[in-house]
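**Q** everything below, folded, please.
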Amino acid sequence: MLETLKENIEFIGVCLAVFAALVLVAVLAEKFLVREKKKLSPAKYVAYLAMFSALAGVLMLIEIPLFFAPSFYELDLSEIPVLICTFSMGPVSGVICEFLKVMVKLLLKGTSTAFVGDFANFAVGCSFVLPASMIYHAKRSYKTAIVSLVVGGLIMTVFGSLFNALYLIPAFANLFHQPLDVIISMGTDVNSAVTSVSTLVLFCVVPFNLLKAVVVSIVTMLLYKRVKKVIKLA
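**A** Prediction:
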């Protein structure tokens, strides 16, 4: 009982520390990198942020299973509204939107992964959204938007893979009180080459993040200009 409580407290501590670090990076980026950002009234800012967060939270409920990954890795497109939000409103808005979308999802559906999957979605999503926003806002242009999405996608792939290997997968096993071998075997059932945490990450997590980055980037580029014209945000 005490061991379980300790594990839960440690997990909450990690979540809070990661959230605080991401907000700090976003605030500094917005202060020193953002050259042009449309000023909105507090009411409009809250309204737009709520709209993007709600849309992202609903999209997070639509999970697409992947043939090359176990069932706890499913593709969702919730980063699309978050990217449009952060491109329009800045890095801080992107991190807040990423957080709020997870809250919306938890309110609508709850968690099936002891909050590990939800935390992973937030942290790994920010590793895509935040660098992309920082690059885009340093010099806003179509070419910069493409570069920002490519760089953000690559950072998400590297960070997401390392974060899974070093923390998320072991945390998932601990909080579910499952031997790590059971988690690995779920990957083995999908791909016989998966025999360890490192191969689970290599054959499942890396292609998962790359696929998500490509799909989300393409759809974001197709929608961004249309959306901002419709809502006259930027």
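
**Q** tell me the spacing between residue 162 and residue 135.
**A** 21 Å (Cβ to Cβ, to the nearest Å). In short, each C-beta sits where N, CA and C put it, glycine included.

**Q** kindly report the same for residue 189.
**A** Going from residue 189 to residue 135 by Cβ to Cβ gives 39 Å.

**Q** tell me which of residue 162 and residue 135 has more neighbours.
**A** residue 135 (19 against 13; other Cβ atoms under 10 Å).

**Q** what about the closest residue to that one other than its chain neighbours, neighbour count?
**A** The spatially closest residue to residue 135, leaving aside those adjacent along the chain, is residue 148, at 3.8 Å (Cβ to Cβ, 6 or more residues apart in numbering). If you count neighbours by other Cβ under 10 Å, residue 148 ends up with 26.

**Q** how about residue 148, phi and psi?
**A** Recorded main-chain torsions at residue 148 are phi -60, psi -40, according to degrees, to the nearest 10.

**Q** separation between it and residue 142?
**A** The span separating residue 148 from residue 142 equals 11 Å under the rule Cβ to Cβ.

**Q** then residue 106?
**A** Shown here: residue 106 relative to residue 142, a distance of 36 Å by Cβ to Cβ.

**Q** now swap in residue 80 and tell me
**A** Using Cβ to Cβ, residue 80 is found at 18 Å from residue 142.

**Q** of these two, who's got more company?
**A** When residue 80 and residue 142 are compared on other Cβ under 10 Å, the one with more neighbours turns out to be residue 80, at 23 against 10.

**Q** got the confidence number for the more buried one?
**A** pLDDT recorded at residue 80 is 96.

**Q** what's the answer for residue 141, then?
**A** pLDDT, residue 141: 88.

**Q** ditto for residue 175
**A** Listed pLDDT for residue 175 reads 76.

**Q** verify the contact between it and residue 11 for me.
**A** Yes: taking contacts as Cβ atoms under 8 Å, residue 175 lies within contact range of residue 11: 6.5 Å.

**Q** show me where the protein has strands.
**A** Counting by DSSP state E, the segments of the chain that form strands are 64-65, 74-75.

**Q** got a markdown table for those strands, with mean neighbour count, distance to residue 46 and mean pLDDT too?
**A** What follows is the strands of the chain, written out as a markdown table (neighbours: other Cβ atoms under 10 Å; distance: least, Cβ to Cβ, whole Å; pLDDT from 0 to 100):
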| stretch | mean neighbour count | distance to residue 46 | mean pLDDT |
| --- | --- | --- | --- |
| strand 64-65 | 10 | 31 | 92 |
| strand 74-75 | 14 | 30 | 92 |
